[in-house]
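1. the sequence and its predicted three-dimensional model are supplied below.
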Amino acid sequence: MKSIAYIYTDPLLETSPVSIDWGREVDLVYADLGMRSQLQQLLIDCETQSVDCLLVRRLEELGDNVEEVSDRLIQLEAMGVAVIATEQAYNSATSHLRADLLKLLHEIQLQQRSRRIRQGHARNRLEAAPPPGKPPYGYRRGKGKYTIDRSTSPVVKDFFDHFLLYGSLRGAVRHLGKKYGKKISVTTGKRWLTNHVYRGDTAYHNGEIISDTHISIISREEAAQVDRILRRNSRLPSRAASAPRSLAGLVVCQQCQSNTTITRVTQRRQDKEYLYLRPISCPQSPKCRAIAYQEILERTIEKVCCDLAPAVAGLNSPQLDGVKNSIGDAIARQQEILEQLPTLIETGVLDTETAKLRAYKLRTEISALQAKLATLPPVNLLSVAQAVSIPQFWLDLSEAERRFYFREFITQIEIVRQNQDWDLQVIFIF
């Protein structure tokens, strides 16, 4: 008994399977990618050879529409070949299932309609066209791509600038409402910060990203900084990222392992206020005492000025430079291949459709490498660390500006208690 199998793969929607478990021994496998030349060869072979059984995953692989599928089923059955669809529980040799063929063909019709829609979306991806749906605020649809909306893009740019300056999502949302009357939720603001469209990229539903498809509202450097701020804010307690004080959410008591809160103390008939940092849930008895906020702030600045530059100097090692160079070289190689594709089309080595698929794959790989490169520390980190190691730098900043720089470099500040005295241990991000 001779059994054969047929596989059809649409390169726009899927990749060719490496191996398939057909549930039985198969003598020969015919496989098509895009076109159905092997299916035609299979039908010719069935006319000249004795074939008992044809295995397919789904009946729709036999044609582009219901008519083609039905005609080929009739053709195969006329040659005495039983057709088995392993993923649809269909077997033309089983008499009691033949009545279900009409219902199955109707399902195939619906599936192929959905497939045609997905193919259209896939062709748009090959052209780097925007996905369906309303464009993000700040953009409008142009000729096959997003274009800047000059009336709303300044609002988005100001939102990003405020977030980059102060590192507070809620603060940036409030800023839009106060300055422009543009009211958005914090969730919407978070979506703006992570939306690839504002970075000049197009992201698709399948998770793939193509870089530099249109004019961006923020630069690559700004986008990388936004991602760093979001990562560091995710490590802070809820709402601490938008707290007005620079040390909020950073200070922990090493002795009782409790986070601290900032308390404000005033005296009657006096305008002056006193700020203290005290543990939120200290289990000790007696409880760890509160410490004046200004004292911890001054000691933190001293520690940063003393320890930050050496810590960054150790980070900028040849190993880190090697990683950056390696990723940069990989991007350059992919760009070189991308530039060769037009020549390969002209010489006939690749057809246009295959070249578009290859270009799409290369561009998504380049985007992934660029994203990996953006997660590494910036190249000017050492010069920034040297600048912020000057005490006068900190004295000239507002509390909101100090909050930004503290969270750019510091993961946690631990209060190390020594009887009645105390010291600080500053733990840097890198």
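-> Sure, I can see it.
2. residues in contact with stretch 174-185?
-> 155, 158-159, 162, 173, 192 (Cβ atoms under 8 Å, 6 or more residues apart in numbering). From N, CA and C alone the C-beta is placed, and that goes for glycine too.
3. how about 7 Å then?
-> With contact meaning Cβ atoms under 7 Å, 6 or more residues apart in numbering, stretch 174-185 is reached by 155, 159, 162, 173.
4. in stretch 354-363, what's buried?
-> Applying a neighbour-count criterion of 16 or more other Cβ atoms under 10 Å, the buried positions in stretch 354-363 are 354-360, 362-363.
5. one step back: inside helices: which ones of the contacts of stretch 174-185?
-> The helices, defined by DSSP state H, take in 155, 159, 162, 173 from the contacts of stretch 174-185.
6. quick one: contacts for the first one?
-> If I follow you right, that is Val155. 176, 180, 182.
7. nearest to Leu126 among the residues you listed?
-> Lys182 (35.6 Å; Cβ to Cβ).
8. sorry, back to before: a markdown table for the buried residues of stretch 354-363, including pLDDT?
-> Listed next are those as a markdown table, based on pLDDT from 0 to 100:
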| residue | pLDDT |
| --- | --- |
| Thr354 | 83 |
| Ala355 | 88 |
| Lys356 | 86 |
| Leu357 | 86 |
| Arg358 | 89 |
| Ala359 | 90 |
| Tyr360 | 89 |
| Leu362 | 92 |
| Arg363 | 91 |
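9. tell me the one of those residues nearest Gln284?
-> Set against Gln284, the nearest of those by Cβ to Cβ is Arg363 (57.9 Å).
10. next, the closest one: phi, psi?
-> phi -70, psi -40 (degrees, to the nearest 10).
11. not counting its neighbours along the chain, what's nearest it?
-> Spatial nearest neighbour of Arg363, chain neighbours left out: Ile210 (4.8 Å); criterion: Cβ to Cβ, 6 or more residues apart in numbering.
12. top of the ones in helices among the contacts of stretch 174-185 by number of neighbours, please.
-> Among the ones in helices among the contacts of stretch 174-185, Phe159 has the most neighbours (other Cβ atoms under 10 Å), with 27 neighbours.
13. return the residues in contact with that one.
-> Phe159 neighbours (Cβ under 7 Å, 6+ apart): 172, 176, 192.
14. I'd assumed Gly189 was in contact with the first one.
-> Yes. With contacts counted by Cβ atoms under 7 Å, Ala172 reaches Gly189, the gap being 6.2 Å.
15. who's more crowded, those two?
-> Each of Ala172 and Gly189 has its neighbours counted (other Cβ under 10 Å); Ala172 has more, 24 against 18.
16. so who does the more buried one touch?
-> Residues near Ala172 by Cβ under 7 Å, 6+ apart: 159, 162-163, 189.
17. could you do Asp52 as well?
-> By Cβ under 7 Å, 6+ apart, the contact list for Asp52 reads 1-3, 81-82.
18. in helices, which of those fall?
-> Per DSSP H, the subset of the contacts of Asp52 in helices is empty.
19. out of those residues, which one sits closest to Thr261?
-> Ser3 (72.7 Å).
20. for this protein, which helix is longest?
-> Longest helix in the chain by number of residues, with DSSP H as the criterion: helix 318-346.
21. now for it, which elements pack on it?
-> helix 352-374 (3 or more Cβ pairs under 7 Å, 6 or more residues apart in numbering; DSSP states H and E).
22. which residues touch the helix it packs on?
-> 11, 125-126, 201, 208-211, 220, 223-224, 227, 324, 327, 330-331, 334-335, 337-338, 341, 344-345, 350.
23. any of these buried? List them.
-> 125-126, 201, 208-211, 220, 223-224, 227, 327, 330-331, 334, 338, 341, 350.
24. let me know the closest of the contacts of Phe159 to Val388.
-> Sorting the contacts of Phe159 by distance to Val388 puts Ala172 at the head of the list, at 22.7 Å, by Cβ to Cβ.
25. state the distance from the closest one to Ala224.
-> Ala172 sits 18 Å away from Ala224, going by Cβ to Cβ, to the nearest Å.
26. what does Asn124 give?
-> Distance, Asn124 to Ala224, by Cβ to Cβ: 28 Å.
27. same check on Arg363?
-> Here the criterion is Cβ to Cβ. By it, Arg363 lies 19 Å from Ala224.
28. which parts of stretch 58-73 are buried?
-> So for stretch 58-73, counting by 16+ other Cβ under 10 Å, buried means 58-63, 66, 69-70, 72-73.
29. switch the residues you listed over to JSON lines; also include distance to Asp45 and pLDDT.
-> Listed next are those as JSON lines, based on distance: Cβ to Cβ, whole Å; pLDDT from 0 to 100:
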{"residue": "Arg58", "distance to Asp45": "21", "pLDDT": "88"}
{"residue": "Leu59", "distance to Asp45": "20", "pLDDT": "89"}
{"residue": "Glu60", "distance to Asp45": "22", "pLDDT": "88"}
{"residue": "Glu61", "distance to Asp45": "17", "pLDDT": "90"}
{"residue": "Leu62", "distance to Asp45": "15", "pLDDT": "91"}
{"residue": "Gly63", "distance to Asp45": "18", "pLDDT": "89"}
{"residue": "Val66", "distance to Asp45": "25", "pLDDT": "86"}
{"residue": "Val69", "distance to Asp45": "19", "pLDDT": "88"}
{"residue": "Ser70", "distance to Asp45": "21", "pLDDT": "87"}
{"residue": "Arg72", "distance to Asp45": "14", "pLDDT": "90"}
{"residue": "Leu73", "distance to Asp45": "17", "pLDDT": "88"}
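30. save the residues you listed as JSON lines, and put in secondary structure and distance to Gln386 too.
-> Rendered in JSON lines, the data for these read as follows (DSSP: H, G, I helix; E, B strand; the rest coil; distance: Cβ to Cβ, whole Å):
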{"residue": "Arg58", "secondary structure": "coil", "distance to Gln386": "63"}
{"residue": "Leu59", "secondary structure": "helix", "distance to Gln386": "69"}
{"residue": "Glu60", "secondary structure": "helix", "distance to Gln386": "64"}
{"residue": "Glu61", "secondary structure": "helix", "distance to Gln386": "64"}
{"residue": "Leu62", "secondary structure": "helix", "distance to Gln386": "69"}
{"residue": "Gly63", "secondary structure": "coil", "distance to Gln386": "68"}
{"residue": "Val66", "secondary structure": "helix", "distance to Gln386": "71"}
{"residue": "Val69", "secondary structure": "helix", "distance to Gln386": "70"}
{"residue": "Ser70", "secondary structure": "helix", "distance to Gln386": "75"}
{"residue": "Arg72", "secondary structure": "helix", "distance to Gln386": "73"}
{"residue": "Leu73", "secondary structure": "helix", "distance to Gln386": "75"}
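31. fine by me, we can end here.
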